[in-house]
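Chemist: Whatever this is, show me its structure:
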Amino acid sequence: MLHSLIMGEGRPMVILHGFLGMADNWKTLGKQFSENGFNVHILDQRNHGRSPHSDLFDYQEMAQDVKNYCQKHDLSDIILIGHSMGGKIAMIAAQQFPELIEKLIIADIAPKTYPPHHSDIIKALESVDFSKVNRRSDADEMLEPFINDFGTRQFLLKSLYRKKDKSYGWRFNLPVLGAAQNSVGIHEDFIEPVQIPTLFIRGGKSGYITDSDKLLIDHAFAKAELATITEAGHWLHAEQPEKFYDYVIDFVK
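Modeler: Predicted structure coming up:
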């Protein structure tokens, strides 16, 4: 069963993080939602965070993970939020289990296939020699030659943890996720359009959802809206949390 952060009472809201992320990435926003009438469940996907590791990376299975979690916690008519990889999983869940979801929010990912683009990050993560890591800053220094952006490094370092033997490691299952990097961007065409009210929110500086992608969105989601946070990139919920929150609240209420 997937690990999760649970907070608040009220309407059920399930949040799915992106590739190489974890539930903690959404903790601040989750708390804000929980203080405004929502029972928030922020999940660690399989092979991420504190959830079990698996040799399988498959969106159908990961969507089933979400359904299984909701059944275990007796959640129905959920508001489902998914960012990037989490958005891919949310889209599959909406197609496979529409009866589970009341409203859907997809953050900065479109219903299309993306070319592989995580190889530099995977190489950076694989370059970290944990025998020489005594503190967080040591791992940061090893990542820096591969990843110039400070924010990206801090995002990845969220998954750094100290094991029982006091050595450091990654919480995510790097061998499996590294091998699956070519599958992260895939999209399978839907047989029927999803009828769930859906809000796509894109970052204006991101490029993950282009203007022409609106046609794809409307084809796959019959009740879709598209909003843009102009000042944000791909991590729009972290870069502009207040605007992201406002868009979600306006849509679900």
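
Chemist: Please make it C-alpha for all contacts and neighbour counts, starting now.
Modeler: OK.

Chemist: tally of neighbours for the nearest residue to Gly204 once chain neighbours are set aside?
Modeler: Using CA to CA, 6 or more residues apart in numbering and skipping the chain neighbours, the partner closest in space to Gly204 is Thr230 (4.1 Å). Using other CA atoms under 10 Å, the number of residues around Thr230 comes to 14.

Chemist: ok, Thr230 to Asp246 distance?
Modeler: Using CA to CA, to the nearest Å, Thr230 is found at 14 Å from Asp246.

Chemist: same check, this time on Glu141
Modeler: 37 Å.

Chemist: Mind checking which of those two has more residues around it?
Modeler: Set Glu141 next to Asp246 and count neighbours by other CA under 10 Å: Glu141 wins out with 14 against 10.

Chemist: Which pLDDT value belongs to the more buried one?
Modeler: Model confidence at Glu141, expressed as pLDDT, equals 96.

Chemist: so where do the strands sit in the chain?
Modeler: Along the chain, counting by DSSP state E, strands occupy 4-7, 11-16, 38-43, 78-83, 101-107, 160-162, 168-170, 198-203, 224-229.

Chemist: Tell me how far the first one lies from the chain's centre.
Modeler: Relative to its chain's centre, strand 4-7 lies at 15 Å (CA atoms, centre = their mean, to the nearest Å).

Chemist: what does it rub up against?
Modeler: The list of residues contacting strand 4-7 from outside it, by CA atoms under 8 Å, 6 or more residues apart in numbering, reads Ala23, Asp24, Lys27, Gly30, Lys31, Ser34, Asn39, Val40, His41, Ile42, Leu43, Asp44.
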